[in-house]
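Participant: Sequence first, then the predicted structure:
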Number of protein chains: 4
Amino acid sequence: MFDINKFCIIGGDKRQIYLGNSMIKDGKNVTFCCFDKCLEPVDDYSRLETAVSKSDCVILPVPLSRDGKNLFTPLGSRVIALDQDFCDIIGDKTIFTSNSRLLLSTGNYEKERVYDYLDREELAVLNAVPTAEGAVEIAMRNYKKTINASNCLVTGYGRIGKVLSKMLAALGANVTVSARKLNDLTWIRLNGYNPIHTEEISPGSCFDLIFNTVPSMIFDENTLRKTSQNTLLIDLASAPGGVDAEAAERLGIKVISALSLPGKVAPETAGEIIKNTVYNIIKEESP
Amino acid sequence: MFDINKFCIIGGDKRQIYLGNSMIKDGKNVTFCCFDKCLEPVDDYSRLETAVSKSDCVILPVPLSRDGKNLFTPLGSRVIALDQDFCDIIGDKTIFTSNSRLLLSTGNYEKERVYDYLDREELAVLNAVPTAEGAVEIAMRNYKKTINASNCLVTGYGRIGKVLSKMLAALGANVTVSARKLNDLTWIRLNGYNPIHTEEISPGSCFDLIFNTVPSMIFDENTLRKTSQNTLLIDLASAPGGVDAEAAERLGIKVISALSLPGKVAPETAGEIIKNTVYNIIKEESP
Amino acid sequence: MFDINKFCIIGGDKRQIYLGNSMIKDGKNVTFCCFDKCLEPVDDYSRLETAVSKSDCVILPVPLSRDGKNLFTPLGSRVIALDQDFCDIIGDKTIFTSNSRLLLSTGNYEKERVYDYLDREELAVLNAVPTAEGAVEIAMRNYKKTINASNCLVTGYGRIGKVLSKMLAALGANVTVSARKLNDLTWIRLNGYNPIHTEEISPGSCFDLIFNTVPSMIFDENTLRKTSQNTLLIDLASAPGGVDAEAAERLGIKVISALSLPGKVAPETAGEIIKNTVYNIIKEESP
Amino acid sequence: MFDINKFCIIGGDKRQIYLGNSMIKDGKNVTFCCFDKCLEPVDDYSRLETAVSKSDCVILPVPLSRDGKNLFTPLGSRVIALDQDFCDIIGDKTIFTSNSRLLLSTGNYEKERVYDYLDREELAVLNAVPTAEGAVEIAMRNYKKTINASNCLVTGYGRIGKVLSKMLAALGANVTVSARKLNDLTWIRLNGYNPIHTEEISPGSCFDLIFNTVPSMIFDENTLRKTSQNTLLIDLASAPGGVDAEAAERLGIKVISALSLPGKVAPETAGEIIKNTVYNIIKEESP
């Protein structure tokens, strides 16, 4: 696959533009489609067809679609349906996409030509950094004291939990991390944080800042009842999140739901992470 | 001096309210004056006199005054002139103030009763933390990539330089610190940063983020000419700062001037820092 | 299983004594067997039988045996064969042992009563700390410069690799870590070390200190040929290790083989790690 | 002074040899005198005179003398008295020495030609690193548990205190640092250690490891009485140190006196530190 040099980037937000520009700096040939609000004057279907036909591959955005029907094109003025027509245009190219399951269901794509970059472990690892920085930024903006000397709880010791707890501790916070597995709890302690079992979070939690990274309802009404009203809860877990927002409001606990942080807080880094992941796929698939 | 227990806080912004509330939690008796916009219904001169007369001491705000004539009372609706009348009211109390030089010039105060908490070394050290966190927050909000893996320059290795460079490195930035003294440069290297002599900053500076902590014109037109347009310059030095703002604008270099960060980004912490400093003074002056 | 309170510790080195003493501090009832060189005056078979019969469980040492035939009893003067006779004495008790496979092959033990504490993940994680500290101590003692500012290579990013690279970086070393998986290489970079693919170690390696944690022949003659004579190689991988010792000697490269570090450098910590692991097993097996 | 290129190194231990060899690598011309035990076959007075006469400068060892009378020449077989005869040989050269006060008292040297490199702040700062590493190595070797999770006390927050407490914390110790000045105590807390006033050290000190860096009798009989027998005390303060060794022995507290660590634990680094300091002096004195 190492003869892939011409990329056609169709749709997406700013990070796709950074992705493309960074590829151009690497000497790649890049065409942007569906960015007429900020990049090109005209942008019609015929142009899309031409652009795709001249490329070795196509890069679709993240998310692939907001509504499950049309491509996510916030910076383009035309609606592109995810249907067989679209498949007819891009189907014989190598395709890098997020949510390949959805894409494959919208046309008779050849499965072997479709690569899901969002599924890749290294992208998830790398995205943990802008996500954690975004969480820290949100905390700094909304908390009236310094992160330094604050009592922080990070729920979950997965990728985001690992990066975030390290950052918070480095800033001088007193960091507690919750997990379920003995193994994770052991690493949490070794790395200098206070370990706490997920099931023991509730009673008497006196944390200034809670960062939830676990996508399951940890902060239900019951747990929230035991949470101080002075606590700021930042929910980083993908929808539906891990906090009962309604109960929180009722109880007067401030909750900030923070999703898709990489694209928001560091679009250029987010673009480069996608680029490197695409490059890795190409390298691995090359003979 | 250890019989000081009744504090009268006159003027200032939110951090003075946090200061007072924190003292109340410690069991002190605190009266607020000139906070009628957010705290009390009435606030007239007679009330001020009464409040002061019932207190052991008076705490004046930071800054003491914005215009050099009147007390800084952004949360109060009345203007309080810094004059002999004011001195007649508070002059026979122990006074904790910022800018004691200005205060002493506005009435016949007894010098021995006036303590300048802003002059205290430990307050300056402690304020370095919210200042550095504020600088990091500004950088996160305005930079399109992550702090992690960015190239940062911190000018000056004083209190803020020390705390800020540690934070940036902890977040994964590649940190360069400039200083003039061989000694500082040695510590900079020992602490894991790239040392650079202040005079060698200019040529070929390829930094993503520059944090200036030195209150002298380091970034004059000449130096700015050699600075990349992609650099974000955050000026933390007290007025007039260390950046030729006009030249920067002409050259298309983005400069953010960030002053009084502690009170802005972490008013509660800022209030507690003042509190602890006042306590320290009281403790030291007690027999 | 929570009614286990009487422990009989049979054989082993100093760390078993620390293990027992630490249990005694916790209020447990502990009997030591086969430690007559340093603990008890008499130590015969009848005593062993009595001791076991009065206990709820038996703790066997690590290693279980040096020669595969007799129990490891360096601090006892009698030889205890691992045979059916021994099984007859301890077989109806709960048994905590290292190398359960060997033990089970020496008598008709009931498998469900035999727990292998050395097999437990949390023990392996916790042992990474004394192992890494031991490696640092060896490096400090044998290297003529400081760890600070040295160029270190850690091969492998498993438990020991993770803990060791963190320690070295914290001491100010310039740390490179090798791994094979893209995922590990990504984490290595995120954590601030230089990532290098295992297969690219050889050419031009200019490291002051190399710590091998991978139990496969990475440093064969071919790789060693490309290694500087000034490099100090510390092999932490379990036997047969990852270094061709003969070739290294021929090429004048100093190699230090460091095995079983926890028991050597921090026997008290090693004993406590075993204790906590035994406690964890008891807790998990309790209804 | 920038025309200094020929160095004559007279006396000293291994670190002076590393110093010289490192200079040779830099392209300097270096002659060694008084190292006949490990370097040259012959080494008489006439040779010394010739060597000096051919050099631009002379580098004397650290310490300059053990007995106050003769040069410190542990690797040379001849005794070189520090007297007017010696001054006649080296007096008209630029001289880099430790303990310039002693040297100047032994002959009619020209004060302006004599530079004391041991007096230089940057050497003292840089030496803090090998000193701290040496202290950590000693602790590792003599303590039966890991530094990780141990309770450490570092007395004094000067150069060594700063570097050592950072290292210990990085290794996972729980670090307390004592100081007298409020300012130092503030920095200690900011940097994440437990601050304790020097005068409050004594009561109930339950530290596993104590590192004394203060050259005054902090650990007198009175304080030692309150110290646990399980504590290991490492005295890094220059003679007479800060521990009443006799009382400690009587009370059964283990004390290790560790002096001149840089030359012992990292002679090569120690040599390079002297080299860089000499270079700095030359640079500063050059027009």
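Facilitator: Arrived safely, thanks for sending.

Participant: Could you give me the buried positions within the worst-scoring helix or strand of chain A on mean pLDDT?
Facilitator: Least confident helix or strand, chain A: helix A:45-53 with a mean of 83, by mean pLDDT, DSSP states H and E. Using 16 or more other CB atoms under 10 Å in any protein chain shown as the test for burial, helix A:45-53 gives A:48, A:51-52. In this view, the C-beta of every residue, glycine as well, is placed from N, C-alpha and C.

Participant: quick one: the strands in chain A?
Facilitator: With DSSP state E as the criterion, chain A has strands at A:6-10, A:29-33, A:57-59, A:94-97, A:114-116, A:151-155, A:174-179, A:194-197, A:209-212, A:232-235, A:254-257.

Participant: thinking again about what came up before, just give me the closest of the buried residues of helix A:45-53 to chain B.
Facilitator: For the buried residues of helix A:45-53, the residue nearest chain B by CB to the nearest CB is A:A51; the value is 25.8 Å.

Participant: rewinding a little: I'd like the buried residues of helix A:45-53 as TSV, with distance to chain B appended.
Facilitator: Listed next are these as TSV, based on distance: CB to the nearest CB, whole Å:
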residue	distance to chain B
A:L48	27
A:A51	26
A:V52	28
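
Participant: Reformat those residues as a markdown table; add distance to D:I273.
Facilitator: Shown next, in a markdown table, are these (distance: CB to CB, whole Å):
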| residue | distance to D:I273 |
| --- | --- |
| A:L48 | 65 |
| A:A51 | 62 |
| A:V52 | 63 |
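
Participant: who in the stretch 51-200 of chain A is up against chain C?
Facilitator: Contact residues, the stretch 51-200 of chain A versus chain C (CB under 8 Å from any CB of the partner chain): A:121-122, A:125-126, A:128-129, A:163, A:182-183, A:186-187, A:190.

Participant: 7 Å instead?
Facilitator: Contacts of the stretch 51-200 of chain A with chain C, taken as CB under 7 Å from any CB of the partner chain, map to A:121-122, A:125-126, A:129, A:163, A:182-183, A:186-187, A:190.

Participant: Chain B contacts on the stretch 51-200 of chain A?
Facilitator: A:129-130, A:133, A:137, A:140-141, A:144-148, A:167, A:170-171.

Participant: between the residues you listed, which is closest to A:T73?
Facilitator: Distance to A:T73 across these (CB to CB) is lowest for A:P130, with 22.5 Å.

Participant: okay, and for chain A, where does confidence drop off?
Facilitator: A:1-2, A:40-46, A:202-205 (pLDDT under 70).

Participant: got the residues of it near chain D?
Facilitator: Taking CB under 7 Å from any CB as the criterion, chain A approaches chain D at residues A:172, A:192.

Participant: re earlier: and the residues of the stretch 51-200 of chain A next to chain B, which are buried?
Facilitator: Among these, those buried by neighbour count (16+ other CB under 10 Å) are A:129-130, A:133, A:137, A:140, A:144-148, A:167, A:170-171.

Participant: of those residues, closest to chain B?
Facilitator: A:A170 (3.0 Å).

Participant: show me what contacts that closest one?
Facilitator: Neighbouring residues of A:A170 by CB atoms under 7 Å, 6 or more residues apart in numbering or on different chains: B:170-171.

Participant: try 10 Å
Facilitator: By CB atoms under 10 Å, 6 or more residues apart in numbering or on different chains, the contact set of A:A170 is A:147, B:166-172, D:192.

Participant: Out of the buried ones among the residues of the stretch 51-200 of chain A next to chain B, which is nearest to B:L60?
Facilitator: Using CB to CB, A:K144 comes nearest to B:L60 of those, at 22.2 Å.

Participant: from what I can see that closest one touches B:G271, true?
Facilitator: Yes - at 9.2 Å, A:K144 counts as touching B:G271 under the criterion of CB atoms under 10 Å.

Participant: before we move on, back to that, just the ones in helices from the buried ones among the residues of the stretch 51-200 of chain A next to chain B, please.
Facilitator: Judged by DSSP state H, those include A:129-130, A:133, A:137, A:140, A:167, A:170 as members of helices.

Participant: picking up where we left off before, now, of the strands of chain A, which is deepest in the fold?
Facilitator: Stretch with highest mean neighbour count among the strands of chain A: strand A:209-212 (a mean of 27; mean count of other CB atoms under 10 Å in any protein chain shown).

Participant: That one pairs with which strands, and in what direction?
Facilitator: strand A:151-155 (parallel), strand A:232-235 (parallel) (DSSP bridges).

Participant: Compare these and give me the one nearest D:F207.
Facilitator: Among these, strand A:151-155 sits nearest to D:F207 (CB to CB), with 25.5 Å.

Participant: Bridge partners for A:F7, pull those for me.
Facilitator: On the basis of DSSP bridges, A:F7 is bridged to A:V30, A:C57.

Participant: From the buried residues of helix A:45-53, pick the one nearest B:C206.
Facilitator: Among the buried residues of helix A:45-53, and counting by CB to CB, the member closest to B:C206 is A:A51, at 34.1 Å.

Participant: and the nearest residue to A:R101 once chain neighbours are set aside, what is it in contact with?
Facilitator: Leaving aside its sequence neighbours, A:R101 sits nearest to A:D116 (CB to CB, 6 or more residues apart in numbering or on different chains; 8.0 Å). Contacts for A:D116 (CB under 10 Å, 6+ apart) come out as A:60, A:64, A:95-101, A:103-104, A:123, A:281.
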